[in-house]
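Trainee: attaching a predicted model along with its sequence, questions to come.
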Number of protein chains: 2
Amino acid sequence: MDVAIRNTLALTMRDGGLAPIDDATIGIEDGEIAAVGPTGEVDGDADRVIDGRGTLTLPGLVNAHAHTGLTLLRGGAQDVPEIEWMNEALGPLSEAATAADVIAGARLGVLEAVLSGVTTVGEYAANVDRLVEEVYLPMGVRVAAAETINAVDAERADHGPNEAYPLEDAAAEEGLERNEALFDGFADETLVSCLYGPQALDMVPRWLLEEIRDRAAEHDRGVHMHVAQGDRERRQIEARYGEGETTVSVLDDVGLVSDRLLAAHIHGATAAERERLAEAGVRMAANPCSIAAIDGIVPPIVEYREYGGAVGIGTDQAPGPGGHDFLRELRTAALLAKTDRTDPTAFPAWEALRVATIEGARALGIDDRVGSLEVGKRADVVVCDLEHPSVAPTVSKPLRTAIPNLVYGANAGIVKHVFVEGRRIVDEGEPVTADADQIVSDAQRRAERTFGEAADEWLAAGSELAARTDR
Amino acid sequence: MDVAIRNTLALTMRDGGLAPIDDATIGIEDGEIAAVGPTGEVDGDADRVIDGRGTLTLPGLVNAHAHTGLTLLRGGAQDVPEIEWMNEALGPLSEAATAADVIAGARLGVLEAVLSGVTTVGEYAANVDRLVEEVYLPMGVRVAAAETINAVDAERADHGPNEAYPLEDAAAEEGLERNEALFDGFADETLVSCLYGPQALDMVPRWLLEEIRDRAAEHDRGVHMHVAQGDRERRQIEARYGEGETTVSVLDDVGLVSDRLLAAHIHGATAAERERLAEAGVRMAANPCSIAAIDGIVPPIVEYREYGGAVGIGTDQAPGPGGHDFLRELRTAALLAKTDRTDPTAFPAWEALRVATIEGARALGIDDRVGSLEVGKRADVVVCDLEHPSVAPTVSKPLRTAIPNLVYGANAGIVKHVFVEGRRIVDEGEPVTADADQIVSDAQRRAERTFGEAADEWLAAGSELAARTDR
């Protein structure tokens, strides 16, 4: 074997639970998990043996929904009313960001994610192929890439939320072509899976969704889409499709409400609609910190799971919630769920860890390859230091306190080794496949230019944040 | 001067805002802040000069309420109904914990706090003098210590929540004596301030509170007390003081509703009562992660500040919320406030940073000494790395993104240097006054014994957690 992690506490995520093995050995060979079991029963000979005493090993964490390319704009849009966030705060900065800024930001965002134990990102971006080629593949991080298709004619769209945005068929066509090229371009990359990425029902024409429905069925592909994001979208759908119509009713009519769909957010849907989505097999990408920061809303993770729906968790984007630290996202998800339900038993630690791994992989449609520690799966594995001040001490009786401590106590400092397809991308807490100093200094240099260029327009847009820059 | 931090972004917390200075020098001499100002205007000669480029410097963070002695029991009580948390989950573990366990746990908890930028802890414990002597003074961390006075006769208290717990006058007297000895014993320690610590209205006799009221007035001392913690307390107060009486009404009658009182929690009070407390100058110690984790409740931080009340934030205890990382506490406080109000503008970053520093110091009654960067104040200072992947990049125009990034982005990895009274207790992210490995291994050894001893009783207590140890 190439690598053996010996004498670790393994959370395997098999059989619907965490399926822990107290003194486990995990073997990795040719990018696959070659052995998992009690140390006494598993051959632990390997080119590299990791002493796993005092560690916990689990499948790599899956970030189900992220726009990492916006990381350069961190700090430019938060603490503002929801209606201001997109256009008055983030907008002027996004417009000033170059294609190279997006790549530099994605490198930083993916670095932050990886350092918190993430091995897969559900990336969502326009020209996502560049992020795959220039960020994910060089850094050795698995990606489920969706190419954003957005047909809103930005030049003519400023009519207020009650009038339907004008859409351009040509933009939709171009987007669809980019999306097809994505599938073709990365068909042979084992680290890459692809999804269609129509941005949201209010931002694309109906014919595009029908076309995507047919192509997805023909090629057995998934669709990653923002669904029912709130009031602005609701008003757009009524303006476009008629009174009483909603995102879910239209998607259902189109035939996209199926297990091919990964729906981000869905907090703007009714409970009945969410139940319908769950029963149809639609997977949910919840973004607790982002939706809390930007909308002041707790995403319906617990409710969706009660309907039997599959849920993954994502960090969305850095401006607003602050970044791509997935351990922090997970803990916040649990605390938000508890306060939303006034129930401290809501979304307990063991459920959070399944959502962070195998269920997140299911959300992205790659649970046949990753998300659990099982022989034959790709070796996406995280080794966590249980002797870190944020999780210690841990005991195994009368309960394994490492499990709650990982969710409620851990900060990113516990992440010791991260493997993706058997390749070590973090070693003793240090990134191997990325030059952190270079990534940060490049982001810094670019951010100064971009914020500088956008400054006047950002101030003129007049968000609540712009009124308080003397703070 | 002893130390000069040059070319840093300083958040001074003067004049009701953050009062930032973009290119600042901060001088430290004889444990005091000797200079603060633009680098060009301040003498920066010092025995040790810290290059502050790429850093943010702010007053040391103030944790207003913590029971760090429970850190050893982390992981033993969470994800259970509120009614089970204290007695069924934490109880059997607390009973098995020795005095040495409490000290070992406190060392770990204070280490975790310090590594997240904390310089002052509002510690709340029985025999808190031991924690001061064996943890805070050796580690060089400022402490506002309250000696817990609890007169509940534990042997006879198991009558259910509707019957008043029997109280023992002798226990109250002993507690009061310990509390007086605390004031006497540490009168000359500049790192230590002391408060009376009657645990809660339902746990002490009325005469004790009257005695504390008189002594506090005579000696100009503060009182740190859990106030209106929820349903169990409410029922106890009615059983003891009569129908219609509440914690706030009784405390008001006793004469303790004044600016001497630091009230932890208060989520169980009515809005009118909270307004009364705020107007009377009562300071609030809010514990967002703890109350979210244990009760599924968001503490009324925003509301209390709207009434003009002073608020500090605390981490409470590790079992439940997970630990004493204060940066994480701060971010969670902001996100919980936003969802509680369905308002993304609630508790913005700049308010969170004031609460974490000068207002927290005010809550503990030590804002004359710490909480802001001003000449003559004690030099409790934190230098944060802005080139860390969790906060980078940062710009100064059109807004200082370091401010939101510190609250929403930062993890504890950004904490570079921590000074308390001018003494460096963290240097380049490493603890100076504590042996982290020794603290963790001691905690580990002790936790194994303590959980082991408590295991049968913990399982027999039958919390929801005990039913799921196979996870």
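Mentor: Sure thing, it's come through. No experiment lies behind these values; they were computed from the predicted model shown.

Trainee: just list the residues touching the residue of the stretch 51-200 of chain A found nearest chain B, thanks.
Mentor: As assessed by CB to the nearest CB, chain B sits closest to residue A:75 within the stretch 51-200 of chain A, at 2.6 Å. Yep, even glycine has a C-beta here, placed from its N, CA and C like the rest. Applying CB atoms under 8 Å, 6 or more residues apart in numbering or on different chains, we find residue A:75 in contact with A:319, B:394-395, B:399, B:401-405, B:409.

Trainee: now with 10 Å?
Mentor: Residues in contact with residue A:75 (CB atoms under 10 Å, 6 or more residues apart in numbering or on different chains) are A:93, A:318-320, A:322, A:447, A:451, A:465, B:349, B:391-395, B:399-409.

Trainee: can you check residue A:283 too?
Mentor: Contacts of residue A:283 (CB under 10 Å, 6+ apart): A:64, A:222, A:224, A:259-264, A:277, A:304, A:309-312, A:359-360, A:362-365.

Trainee: get me the contact residues on the stretch 1-150 of chain A for chain B.
Mentor: When proximity is defined by CB under 10 Å from any CB of the partner chain, the stretch 1-150 of chain A lies next to chain B at A:11, A:17-20, A:54, A:71-85, A:89, A:92-93, A:104-105, A:107-116.

Trainee: wait, residue A:305 sits on residue A:284?
Mentor: Yes: Residue A:305 is in contact with residue A:284 according to CB atoms under 10 Å; the separation is 8.8 Å.

Trainee: the more surrounded of those two?
Mentor: Using other CB atoms under 10 Å in any protein chain shown as the criterion, residue A:305 and residue A:284 rank with residue A:284 on top: 30 against 21.

Trainee: what secondary structure does that one sit in?
Mentor: strand (DSSP: H, G, I helix; E, B strand; the rest coil).

Trainee: if I look at residue A:350, how far off is residue A:16?
Mentor: Plainly put, residue A:350 is 11 Å away from residue A:16 if you go by CB to CB, to the nearest Å.

Trainee: between those two, who's got more neighbours?
Mentor: The neighbour comparison of residue A:350 against residue A:16 (other CB under 10 Å) goes to residue A:350, with 20 against 8.

Trainee: please name the nearest non-neighbouring residue to the residue of the stretch 51-200 of chain A closest to chain B.
Mentor: residue B:401 (2.6 Å; CB to CB, 6 or more residues apart in numbering or on different chains).

Trainee: what about the one you found, neighbour count?
Mentor: 27.

Trainee: also residue A:47?
Mentor: When neighbours are counted by other CB under 10 Å, residue A:47 registers 10.

Trainee: my read: it touches residue A:4, true?
Mentor: Yes: applying CB under 10 Å, one finds residue A:47 in contact with residue A:4, separated by 8.8 Å.

Trainee: mutual contacts of these two, please.
Mentor: The overlap between the contact sets of residue A:47 and residue A:4 (CB under 10 Å, 6+ apart) consists of A:28-29.

Trainee: please list only the buried members of the residues of the stretch 1-150 of chain A next to chain B.
Mentor: Using 16 or more other CB atoms under 10 Å in any protein chain shown as the burial test, those include A:11, A:17-20, A:54, A:71-82, A:84-85, A:89, A:92-93, A:104-105, A:107-116 as buried.

Trainee: check which helix or strand covers residue A:393.
Mentor: Here residue A:393, judged by DSSP states H and E, is contained in no helix and no strand.

Trainee: and it, backbone torsions?
Mentor: Recorded main-chain torsions at residue A:393 are phi -80, psi 160, according to degrees, to the nearest 10.

Trainee: flag the shaky bits of the stretch 151-300 of chain A, pLDDT-wise.
Mentor: Residue ranges of the stretch 151-300 of chain A with pLDDT under 70: A:156-161.

Trainee: near chain B, which residues of it show up?
Mentor: Going by CB under 10 Å from any CB, the residues of the stretch 151-300 of chain A near chain B are A:288-299.

Trainee: with neighbour count added, can I get those in JSON lines?
Mentor: Listed next are those as JSON lines, based on neighbours: other CB atoms under 10 Å in any protein chain shown:
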{"residue": "A:288", "neighbour count": "29"}
{"residue": "A:289", "neighbour count": "29"}
{"residue": "A:290", "neighbour count": "27"}
{"residue": "A:291", "neighbour count": "28"}
{"residue": "A:292", "neighbour count": "27"}
{"residue": "A:293", "neighbour count": "28"}
{"residue": "A:294", "neighbour count": "28"}
{"residue": "A:295", "neighbour count": "24"}
{"residue": "A:296", "neighbour count": "20"}
{"residue": "A:297", "neighbour count": "22"}
{"residue": "A:298", "neighbour count": "27"}
{"residue": "A:299", "neighbour count": "29"}
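
Trainee: need those residues in a markdown table (columns: secondary structure).
Mentor: A markdown table is the format used below for these (three-state DSSP):
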| residue | secondary structure |
| --- | --- |
| A:288 | helix |
| A:289 | helix |
| A:290 | helix |
| A:291 | helix |
| A:292 | helix |
| A:293 | helix |
| A:294 | helix |
| A:295 | helix |
| A:296 | coil |
| A:297 | coil |
| A:298 | coil |
| A:299 | coil |
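
Trainee: and residue A:128, how many neighbours does it have?
Mentor: Count around residue A:128 with other CB under 10 Å applied: 29.

Trainee: and for the one 3 residues further on?
Mentor: By the criterion of other CB under 10 Å, residue A:131 has 27 neighbours.

Trainee: how about the strands in the stretch 201-350 of chain A?
Mentor: Assigned by DSSP state E, counting those that start in this stretch, the stretch 201-350 of chain A shows strands spanning A:222-227, A:261-265, A:283-286, A:311-313.

Trainee: return stretch A:328-343 as PDB; C-alpha atoms alone will do.
Mentor: Output of stretch A:328-343 as PDB, limited to C-alpha atoms (Å, rounded to 0.1, in the frame of the first residue of the first chain):
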ATOM      1  CA  ARG A 328     -17.200  26.500  11.300                       C
ATOM      2  CA  GLU A 329     -20.000  26.300   8.800                       C
ATOM      3  CA  LEU A 330     -21.000  22.900  10.300                       C
ATOM      4  CA  ARG A 331     -21.000  24.100  13.900                       C
ATOM      5  CA  THR A 332     -23.000  27.200  13.000                       C
ATOM      6  CA  ALA A 333     -25.500  25.100  11.000                       C
ATOM      7  CA  ALA A 334     -26.100  23.000  14.100                       C
ATOM      8  CA  LEU A 335     -26.500  26.000  16.400                       C
ATOM      9  CA  LEU A 336     -28.800  27.900  14.000                       C
ATOM     10  CA  ALA A 337     -30.900  24.700  13.600                       C
ATOM     11  CA  LYS A 338     -31.300  24.500  17.400                       C
ATOM     12  CA  THR A 339     -32.400  28.100  17.800                       C
ATOM     13  CA  ASP A 340     -34.700  28.000  14.700                       C
ATOM     14  CA  ARG A 341     -36.500  25.100  16.400                       C
ATOM     15  CA  THR A 342     -36.000  26.200  20.000                       C
ATOM     16  CA  ASP A 343     -34.800  22.700  20.400                       C
END
